[in-house]
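>>> have a look; sequence and predicted model below, questions after that.
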Amino acid sequence: GKENRVLFYLLGLLLLQAGKENRVLFHCLGLLLLQAGKENRVLFHCLGLLLLLAGHCILDAHSLLLSLWPHVISIYPVFENQCSTLNVCAEYVHTFFSNMLLSLRWEEAKYEDGVKWKFLEHKGPHFPPEYQPLPDNVHFYYNGNIVKLSLAAEEVALFYAQMLDHEYTTKEVFRNNFFKDWRKEMTLEERMLITDLSKCDFGELHAMHVEKVEARKAMNKEDKLVIKEANQRIVDEYGFCMLDNHRERIGNFKIEPPGLFRGRGEHPKQGYLKKRIQPEDVIINCGKGSRVPEPPAGHRWKEVRYDNTVTWLASWTENVQGSCKYIMLNPSSKLKGEKDWEKYEVARRLKSCVDRIRLQYQQDLKSKQMVNRQRAVALYFIDVLALRAGNEKEEGETADTVGCCSLRVEHITLYDRLEGSDCVVEFDFLGKDCIRYYNKVPVTKRVFKNLKLFMENKEPGDDLFDRLNTGLLNKHLSSLMPGLTAKVFRTYNASITLQEQLRKLSNGTANQAEKLLSYNRANRAVAVLCNHQRAPPKTFDQSMANLQSKIEVRREQLTLAKSELTLAKKEVKGHCSDSKLLALVERKKKAVQRCEEQIMKMEVQATDREENKQIALGTSKLNYLDPRISIAWCKNMEVPLEKIYNKSQRDKFAWAVDMTQTDFIF
DNA sequence: TGTGACACTTAGAAAACCCCGG
DNA sequence: CCGGGGTTTTCTAAGTGTCACA
């Protein structure tokens, strides 16, 4: 009855205040009851079921709804033929819950220290399919003879064969590592026989693989759809989890399939076999009182634990480097979103005290203590050049790359004078992912003098900052501001640069293409600062040429359209105000305008693409730029958000989309 | 004070997808 | 409708930073 609806509404409000587990649900329920007409039986039935389920800590409205509809239809078969009624009802309930949950999403209470969640339920990771043995007509040859390999050896051989088109297989280290690990998978007989990789012929295996790839590309629509649907079913089953009150997407719910290790750059372990992961290798993490995921038939998990101080759902140890791998949530999740927000808030706090900190390290450049001087110079690099911290790495385990604290003397060259500037430092080293950092930077006299001092009596291979490491640096930083570490400078400098560049470059009266060009240029300034590079696309020159020729074609069309317009105008003069001729003039005018617009758009695009040849914008956009800056800019410039963020970026930054006003300042 | 395990963010390449012009 | 080129998504390697422990 009506009184009960009001009662439920009040109960919802009360629970909301009290911060109880089911508060969101009850609140929604109360509001829904309040609004729903008595005559809406389906809705009321849903609510009844909802109430029942509320006791079973399944709290996500959307998934509830999905599971409820078949039920509703089974009870009210008559509605199956009344799609519109059902759809209207479904839509109503869905929108209602979605809005309600959205508005409450960012306002829920925080948990006590270290606790990341209270409830976590998932289906466990998805395992890659079993190895399919080669068909009988595909052979491996050794020394010209067909050799039928054992299943294990065959699988690994195929990993190699699939990579034959790749540069990896030309590298000595890769080949040797692969061969060493491959032989471990062989039977004794195979090992006795196969002793030389250069005598192996993987040609048929490789051809089979290429053929498979081609076949998949050439598949007709229906077959593609079948595959797509099968994939979708996997996503539906394994791709989501229930974390507290939310149904969240999981980021990487698939166990990494076996293969050959693809380390970047001159990685000493490239080519080693990355082994197949079994359920027996996997640790499951979930909530106490949740349904524990079932291991695949005939298997068991390595361990099931209930640790709510971490955010991963499953983990295993990878065999090549011995490191842990985790299954975690998608960036769109509340958990990740809040962490992201926090990151930018720390960076904004740095903004308010960065002047003080800069003054401090300028002072420290004169310190009597060598450690402090080194720390000051390192900090100067991190702040001005946005270098990474540079943790030490185990030698021989990874490619030889460095960051700030791990710079060695051979990575910089000092010039008293270079290209018209005094005190120039030339940097040349490989950073993360073996991306080369090359830069010539004029520095202050004091920094320069210190660097000379640090280089004294050292040889290539010696640390530039021999008294410093990231631990020491971060300890100092956190004493200057709570939560401050070296990487915060990258976030801060990236975001402040974007804001600054947007202010400088954008013009409210420009057209949309120009606005977007200035946004991309601001983004580019950040990518350059952070040294985010990419391999120029293989088809770059070709596609640039294509674009240019398209522009040419349009130019010709424009000339033509212009002359047609002039002609039409002349005729109008001759036959004063013939309505048909006037319309023609208008049409021609439009055509000219359209051509001009298209040419302009393409030219802007060409500029943008040329400037972007070797620069990757994605990384900074996704990890360093406070999305609120971009969202506020879009609002102020009246540029639709989807012009700068695609769907998944908008999902990831949902927190910022929800809260950003036009007056946001980083 | 150093060290390794662990958890989590950041990164570019490659695969998959999708859209547009011929 | 189809192919190719650009965009998006996926994949997983490679960093950062903290903490417990010796």
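That came in fine, so what should we check first?

>>> contacts, neighbours, all on C-alpha from now
Will do.

>>> host element of residue A:325?
strand A:324-327 (DSSP states H and E).

>>> which other helices and strands contact that strand?
Contacts defined by 3 or more Cα pairs under 8 Å, 6 or more residues apart in numbering; DSSP states H and E place strand A:324-327 against strand A:314-317.

>>> residue A:406: neighbour count?
Residues lying near residue A:406 (other Cα atoms under 10 Å) number 23.

>>> just to revisit the earlier point, for the strand holding residue A:325, what is the average pLDDT?
Mean per-residue pLDDT for strand A:324-327: 96.

>>> buried ones in that strand?
Counting neighbours by 16 or more other Cα atoms under 10 Å, one finds that the buried residues in strand A:324-327 are A:326, A:327.

>>> quick one: strands adjacent to that strand?
Note on strand A:324-327: by DSSP bridges, its sheet partners are strand A:314-317 (antiparallel).

>>> how about the CA coordinates for the strand it pairs with, as CSV?
Extracted in CSV, the C-alpha atoms of strand A:314-317 (Å, rounded to 0.1, in the frame of the first residue of the first chain):
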residue,chain,number,x,y,z
ALA,A,314,43.8,-14.1,-9.3
SER,A,315,47.6,-14.3,-9.6
TRP,A,316,50.3,-16.7,-10.8
THR,A,317,54.1,-16.7,-11.1
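
>>> show me where the stretch 51-200 of chain A has strands.
Ranges of strands in the stretch 51-200 of chain A, per DSSP state E, counting those that start in this stretch, are A:120-121, A:140-142, A:145-147, A:200-201.

>>> got the domain boundaries for chain A?
Listed by automatic domain parsing, the domain ranges of chain A are A:2-105, A:114-278, A:336-484, A:496-659.

>>> and what about residue A:263, helix, strand or coil?
coil (DSSP: H, G, I helix; E, B strand; the rest coil).

>>> relative to residue A:658, how far out is the nearest residue to it once chain neighbours are set aside?
Using Cα to Cα, 6 or more residues apart in numbering and skipping residues adjacent in sequence, the residue nearest residue A:263 is residue A:270, 5.1 Å away. Applying Cα to Cα, to the nearest Å, the value for residue A:270 to residue A:658 is 44 Å.

>>> now do residue A:542
Distance check for residue A:542 against residue A:658: by Cα to Cα, it reads 41 Å.

>>> and the closest residue to DNA strand C within the stretch 51-200 of chain A, what does it touch?
In the stretch 51-200 of chain A, the residue that lies nearest DNA strand C is residue A:114 (8.9 Å; Cα to the nearest atom of the strand). Residue A:114 makes contact with residue A:309, according to Cα atoms under 8 Å, 6 or more residues apart in numbering.

>>> with residue A:373 instead?
Counting by Cα under 8 Å, 6+ apart, residue A:373 touches A:364, A:365, A:366, A:367, A:450.

>>> before we move on, back to that, output the strand holding residue A:325 as PDB, nothing but the C-alphas.
What follows is strand A:324-327, C-alpha atoms only, in PDB (Å, rounded to 0.1, in the frame of the first residue of the first chain):
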ATOM      1  CA  CYS A 324      53.900 -12.200 -10.400                       C
ATOM      2  CA  LYS A 325      51.100 -11.700 -12.800                       C
ATOM      3  CA  TYR A 326      47.700 -10.500 -11.700                       C
ATOM      4  CA  ILE A 327      44.100 -10.400 -12.900                       C
END
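
>>> buried stuff in the next helix-or-strand element following that strand?
Heading C-terminal from strand A:324-327, the first helix or strand you meet, by DSSP H and E, is helix A:334-364. Neighbour-count burial for helix A:334-364 flags A:334-337, A:340-341, A:343-344, A:346-350, A:354, A:357, A:361-362, A:364 (criterion: 16+ other Cα under 10 Å).

>>> do helix A:334-364 and DNA strand C come into contact?
No. Figure legend: helix A:334-364 not in contact with DNA strand C (Cα under 7 Å from any atom of the strand); closest approach 10.9 Å.

>>> I'd like the average pLDDT over that helix.
For helix A:334-364, mean pLDDT is 95.

>>> and it, how far out from the chain middle?
Averaging C-alpha positions (Cα atoms, centre = their mean, to the nearest Å) puts helix A:334-364 22 Å from its chain's average.

>>> after it, heading C-terminal, what element do we hit next?
Following helix A:334-364 in sequence order, the next helix or strand is helix A:370-385 (DSSP H and E).

>>> partner strands of the next helix-or-strand element following that following helix, parallel or antiparallel?
Counting by DSSP H and E, the element after helix A:370-385 in chain order, helix or strand, is strand A:412-418. Applying DSSP bridges to the sheet, strand A:412-418 is found paired with strand A:421-430 (antiparallel).
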